[in-house]
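Novice: the following block contains a protein sequence and its predicted model.
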Amino acid sequence: MTRRDAGGLVPVPHEVVARGGERFVASGVVRVGCDDVLRPAARLLVRSLGAATTVDACVTDLADADVRVALTTSLALAPGGYELEVAATGVTVRCADLAGGYAAVQTLRQLAGPGAFRAAAAAPTPWTLPAVVVRDSPRFAWRGVLLDVARHFMPKDAVLRFVDLAAMHKLNVLHLHLTDDQGWRVEIQSYPELTRVGSWRHATTVGTWRTGSLDGRPHGGFYTQDDLREIVAYAAARGLTVVPEIDVPGHVQAALAAYPELGDGSPTSVRTTWGVSTEVLTPSDESLTFFRRVLDEVMDVFDGPWVCLGGDEVPTARWRADPRAVARAETLGLADVGELHGWFVAQLCEHLRGRGRRALVWDEALGPQLPRDAVVLAWRGPAHGAAALARGHDVVMAPEQFVYLDHRESDRADEPVPVGFVRTVQDVHGFDPLAGDLAQVGSSGPGRLLGAQAQVWSEHLDTPRRVDYATFPRLAAFAEAVWSAPAERGPGTVATEQFMARLAGTHLARLDAAGVEYRPLEGPRPWQTRPGVAGFPRDLDEELAAGGWTGVGGWHEPDGAS
Ligand code: ACM
């Protein structure tokens, strides 16, 4: 191992030192000792590395005389951090907390070689680790990835596997986009029609919605509450918090198909095309009561501190045409009907607060009505993150210009369904949550920059295989951007060249062992292309020239609507 290749570790740790001397090799029975705080991390090590080898590993107390791997908590370390030392005689790991324990386990798995990511060993395989010292801690507290299971349903097993892969990259938040115009994916026992009607559509757009072509094939699926509890527990056992998203008051056409009275009453069906639906929730007491009940059930399943209320892309045309909505805006003393958007979201933020949770909202919901404790997910550009910080909100950066992983990976004609900006692995590696306007606002407040999140929207990712292609290896580059120490990164920089070398030299072999169908660095394999299916490429330089870091993408209210 050289200092440059850092043992091939991804994300690169703050410090890796090769110790020299014999490596650690253990076969037979291996006892992993730990204190009570770190027991779940020790269990993960035993299960993951145990499964990939022929070692009989078990968790035991530190006092056990035969301990070969020891995990202890140390208050001296930065939150989420760890220090580990591998010698021929044993492995010692000091962790700041349980999060640090999970991170250390992922480092040990990576050090154990690509085979550690297989589900079974085909031949006698000991635990083999190089003699090394690693000192490490995360740059950002929120290291998230969004998986859109609404546009295309992903079977539960695919979600569990996605959790494993996110954990492997030391991410700690899985944002599940559970509801949208094209499907409602979470069982709500008070309102069974949401899944009976809302969880499937009779056909799906082929490629961009602009061509108007439909495949004529029903698509659907949903998770029971027990499925979701399982996902939450599985994620927790790997150091991830799951944030559920129930998107309101727009992106609700699937809910309106089930309960038309939540809208303007006109019958509708689950949307078969992409783009932004004009069908929105009517801002009535009935809609609020309905969604408070939905959120109560959601909070019963998801135990994390945050619930995402969406709040993005809300066309106001239906409200402007509906006398009840206009009257509601007047009664509330709002200056414009469009302010019902902020008002509606604020009501549900308060409901969450009353039950000890915090709302996460997309940046369109930022405004004077948004309660200060709401966390803003800035997707339209760094300027929106800076605006939210300046208003005192905590912010997670999720700018589409950098970290929308459904966007095309190159400008090659054979990229499957090429949409959005070209975002290469090197571009994603160059993402800095503190770039652009945030560099001025910094993290000095009044709001705090919690971290960043990559988005895997699934309009054009209709299977877990397509999710693999879009997500990897770019998620590895994102992980390094949010975990590792700040550095000058991006195409042509030394740090990114070194990352690419670690990727090609070691990390892709780990993904291969895990069965990930990532995009090869040289381009798609023949069966990863989608000949003849039209995308909608966008040009980042053109859009930046037109809109700067405020962004000109996303959806805009048509002229004259407000
Ligand atoms: C979004 O991309 N509409 C959050």
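Specialist: Alright, I've got the coordinates. Just so we're clear, the structure is a prediction, and the values are computed from it rather than from any experiment.
Novice: and the residue of the stretch 251-400 of the chain found nearest the ligand, what does it touch?
Specialist: Nearest to the ligand in the stretch 251-400 of the chain, going by C-beta to the nearest ligand atom, is Asp312, at a distance of 4.0 Å. Any C-beta I mention is one placed from the backbone N, CA and C, and that applies to glycine too. Under the criterion of C-beta atoms under 8 Å, 6 or more residues apart in numbering, the contact list for Asp312 reads Asp247, Gly250, His251, Trp362, Asp363, Glu364, Ala365, Trp379, Gly554, Trp555.
Novice: again with Leu75
Specialist: When the contact criterion is C-beta under 8 Å, 6+ apart, the partners of Leu75 are Ala96.
Novice: with Ala325 instead?
Specialist: Remark: with contacts taken as C-beta under 8 Å, 6+ apart, Ala325 is in contact with Thr282, Pro283, Arg318, Trp319, Val337, Leu340.
Novice: what about the third one, helix or strand, and which?
Specialist: Which is Arg318. In the assignment (DSSP states H and E), Arg318 maps to helix 317-321.
Novice: so what secondary structure elements neighbour that helix?
Specialist: helix 323-331 (3 or more C-beta pairs under 8 Å, 6 or more residues apart in numbering; DSSP states H and E).
Novice: for the helix it packs on, list the C-alpha coordinates in CSV.
Specialist: These are the backbone C-alpha positions of helix 323-331, laid out as CSV (Å, rounded to 0.1, in the frame of the first residue of the first chain):
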residue,chain,number,x,y,z
PRO,A,323,-63.5,29.7,-5.5
ARG,A,324,-63.0,27.6,-2.3
ALA,A,325,-59.2,28.0,-2.5
VAL,A,326,-59.5,31.7,-3.3
ALA,A,327,-61.8,32.2,-0.3
ARG,A,328,-59.4,30.3,1.9
ALA,A,329,-56.5,32.5,0.9
GLU,A,330,-58.7,35.6,1.7
THR,A,331,-59.8,34.2,5.1
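Novice: what comes up buried for it?
Specialist: Ala325, Arg328, Ala329 (16 or more other C-beta atoms under 10 Å).
Novice: for Val307, phi and psi?
Specialist: Note on Val307: its backbone torsions stand at phi -130, psi 130 [degrees, to the nearest 10].
Novice: hmm, it is touching Glu297, no?
Specialist: No: taking contacts as C-beta atoms under 8 Å, Val307 lies outside contact range of Glu297: 11.4 Å.
Novice: was I right about Phe162 contacting His175?
Specialist: No: between Phe162 and His175 there is no contact under C-beta under 8 Å: 11.5 Å.
Novice: now the common contact residues for those two.
Specialist: By C-beta under 8 Å, 6+ apart, the residues touching both Phe162 and His175 are Leu147.
Novice: name the helix or strand for the spatially closest residue to Val105 that is not a sequence neighbour, please.
Specialist: If you skip the residues right next to it in sequence, Val105 has Leu45 as its closest partner in space, 4.6 Å away by C-beta to C-beta, 6 or more residues apart in numbering. Using DSSP H and E, Leu45 sits within helix 39-52.
Novice: same for the next helix or strand after that helix, what does it pack against?
Specialist: Moving toward the C-terminus from helix 39-52, the first helix or strand encountered (DSSP H and E) is strand 56-61. Contact analysis of strand 56-61 by 3+ C-beta pairs under 8 Å, 6+ apart lists strand 29-34, helix 39-52 as its packing neighbours.
Novice: run the last query once more with 10 Å
Specialist: Strand 56-61 sits against strand 29-34, helix 39-52, strand 67-73, with contacts defined as 3 or more C-beta pairs under 10 Å, 6 or more residues apart in numbering; DSSP states H and E.
Novice: what residue ranges in this structure score low on pLDDT?
Specialist: Within the chain, the ranges that satisfy pLDDT under 70 run 1-4, 436-437, 439-445, 549-555, 558-562.
Novice: where's the most far-flung residue of it relative to its centre relative to the ligand, distance?
Specialist: Here the centre of the chain is the reference, and by C-alpha atoms, centre = their mean the most remote residue is Ala65, at 41.3 Å. Plainly put, Ala65 is 55 Å away from the ligand if you go by C-beta to the nearest ligand atom, to the nearest Å.
Novice: contacting residues for that residue?
Specialist: If a contact means C-beta atoms under 10 Å, 6 or more residues apart in numbering, then Ala65 has Arg31, Gly33 as its contacts.
Novice: helix, strand, or coil at it?
Specialist: Look at Ala65: counting by DSSP: H, G, I helix; E, B strand; the rest coil, its state is coil.
Novice: nearest spatial neighbour of Asp5, skipping sequence neighbours?
Specialist: If you skip the residues right next to it in sequence, Asp5 has Arg502 as its closest partner in space, 6.0 Å away by C-beta to C-beta, 6+ apart.
Novice: sorry, slip of the keys, the one I care about is Asp66.
Specialist: Closest residue to Asp66 in three dimensions, ignoring its sequence neighbours and counting by C-beta to C-beta, 6+ apart: Arg31, at 5.0 Å.
Novice: verify the stated contact: that neighbour with Ala63.
Specialist: No: when contacts are counted by C-beta atoms under 10 Å, Arg31 is not listed as touching Ala63 (11.1 Å).
Novice: more neighbours, those two?
Specialist: More crowded of Arg31 and Ala63, by other C-beta atoms under 10 Å: Arg31, with 20 against 7.
Novice: list the contacts of that one.
Specialist: The contact partners of Arg31, by C-beta under 10 Å, 6+ apart, come to 42, 46, 56-61, 64-70.
Novice: so Val307 and Glu297 - more neighbours on which side?
Specialist: In this comparison of Val307 against Glu297, neighbours counted by other C-beta under 10 Å, the higher total goes to Val307 at 22 against 17.
Novice: contacting residues around the more buried one?
Specialist: So Val307 contacts 243-246, 295, 298-299, 348-349, 351-352, 355, 357-360 (C-beta under 10 Å, 6+ apart).
Novice: list buried residues within these.
Specialist: The buried subset of the contacts of Val307 (16+ other C-beta under 10 Å) comprises 243-246, 295, 298-299, 348-349, 351-352, 357-360.
Novice: in three-state terms, label Glu84 for me.
Specialist: Residue 84: Leu, not Glu. Under the three-state scheme (three-state DSSP), the conformation of Leu84 reads as strand.
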